[in-house]
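Asker: Here's a sequence, model it:
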Amino acid sequence: MTSVAEHATGGGADVVVTPLLHQGYRPALLVGAALVALAVAAAGALRHRFPHHLGPLPRRVHAARRAAAEG
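Answerer: Numbering: from 1, shown residues only. Below you'll find the predicted structure:
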């Protein structure tokens with residue numbers, strides 16, 4: 001019987017996971033932390049550059065900002 005990971009990835013998950021867990025969980029956690037840090041950096045770069053080319057804000061956004069500023 002195949003596991004869920006083998007079924008979902010075609011059996012290739014153990015090719016990646018087994019070498020990472022050979023020396024314990026620390027290397028696997030460091031790889032995971034590096035991936036998360038890379039995702040945060042990419043999201044920050046996209047957030048910084050993306051909204052500048054959207055054009056003017058809709059009227060409802062201006063109304064919401066005025067309402068929030070008033071109280």
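Asker: all strands for the protein, in order.
Answerer: Counting by DSSP state E, one finds no strands in the chain.
Asker: for it, what spans make up the helices?
Answerer: 4-9, 13-21, 25-49, 59-70 (DSSP state H).
Asker: can you put these in a markdown table and add mean neighbour count and mean pLDDT?
Answerer: Bear in mind the C-beta positions are built from the backbone N, C-alpha and C, glycine included. Below are the helices of the chain laid out as a markdown table (neighbours: other Cβ atoms under 10 Å; pLDDT from 0 to 100):
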| stretch | mean neighbour count | mean pLDDT |
| --- | --- | --- |
| helix 4-9 | 12 | 56 |
| helix 13-21 | 12 | 75 |
| helix 25-49 | 10 | 88 |
| helix 59-70 | 9 | 77 |
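Asker: Quick check on Gly24: phi, psi?
Answerer: For Gly24, the backbone dihedrals (degrees, to the nearest 10) come out as phi 110, psi -170.
Asker: Per-residue confidence at it, what does it come out as?
Answerer: Note for Gly24: predicted pLDDT of 84.
Asker: where's it relative to Ala37, distance?
Answerer: Separation of Gly24 from Ala37 (Cβ to Cβ, to the nearest Å) stands at 21 Å.
Asker: Same check on Arg47?
Answerer: From Arg47 to Ala37 the distance is 16 Å (Cβ to Cβ).
Asker: Check Val16 too.
Answerer: 19 Å.
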